[in-house]
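Engineer: I would like the atomic coordinates for the input below:
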Amino acid sequence: MAEVQSVTIAALWRQSVDPRVLGSAVTQAANAATMAAFAKQVQRPTEPPPQREAPPPRSDERITPEQALRLMDAVSADLAMYTQRMNEVVDRPLTVESRGGHVRGTIHRGQVLDLQIDPAWTHSARVTEMQQEFLEVLRNLRAQSVPADLAQGPQSPAITELTALVSDPDTLLRRVGLLP
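Structural biologist: Have a look, this model is predicted:
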């Protein structure tokens, strides 16, 4: 997910935008920037995922059918738990308010649904203050919509072990007794 770098509001924005719709204009701009960043990311060659845990040391110890089933059951349970946590986080709208209390935003499934700004505050606030509060809300929305531990993908000792096993097919076939 793209990180929000900045929010820019034109110095003379009040001449062309009603303060009551400023939040809507920033919402549209934030979503457009997110889509542009996503499109740019899709066009880039894929980078290998970061190394998670060090794979367990290679072993030539035989894997019995019971051990293989236990590993698959553990991986399935870990993936089910990860999926449940992701669904709980992603399938609910999240609302965040700036520390100053002048900007509030809602995000759902990675899309900013709404940014609201206190129109009375916009009459006295400096543009830099408004930019800062919008930036704070957008960053917090992104950060809280998918927690860092979930953004890394499913992780567990069982998943790491299975990944290490399938990364070397010859060793895997030897360990399950299909190759000498």
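Engineer: tell me which helix or strand of the chain sits lowest on mean pLDDT?
Structural biologist: The weakest-scoring helix or strand in the chain, judged by mean pLDDT, DSSP states H and E, is helix 148-151 (a mean of 75).
Engineer: Residues contacting that one, please?
Structural biologist: Helix 148-151 is contacted by residues 1, 82, 85, 86, 89 when judged by Cβ atoms under 8 Å, 6 or more residues apart in numbering. C-beta here means a position set from N, CA and C on the backbone, and glycine is covered the same way.
Engineer: Need those residues in TSV (columns: neighbour count and distance to residue 157).
Structural biologist: Formatted as TSV, the contacts of helix 148-151 follow (neighbours: other Cβ atoms under 10 Å; distance: Cβ to Cβ, whole Å):
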residue	neighbour count	distance to residue 157
1	13	27
82	17	14
85	14	17
86	16	20
89	15	23
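Engineer: Looking at the residues you listed, which is nearest residue 168?
Structural biologist: Nearest to residue 168 among the contacts of helix 148-151: residue 82, at 24.5 Å, using Cβ to Cβ.
Engineer: For the closest one, pull up the helix or strand it's in.
Structural biologist: helix 65-90 (DSSP states H and E).
Engineer: Any idea how many residues pack against residue 132?
Structural biologist: Using other Cβ atoms under 10 Å, residue 132 has 18 other residues around it.
Engineer: any idea which of the contacts of helix 148-151 is closest to residue 124?
Structural biologist: The closest of those to residue 124 turns out to be residue 1 (Cβ to Cβ; 33.9 Å).
Engineer: Mind pulling up the pLDDT for the closest one?
Structural biologist: Residue 1 is assigned 52 on the pLDDT scale.
Engineer: This protein: strands as residue ranges?
Structural biologist: In the chain, the segments counted as strands under DSSP state E are 94-97, 103-108, 111-117.
Engineer: residues making contact with the longest one?
Structural biologist: With Cβ under 8 Å, 6+ apart as the contact definition, strand 111-117 has outside contacts at 19, 22-24, 26-27, 30-31, 34, 93, 102-107, 130, 133-134, 137-138, 141.
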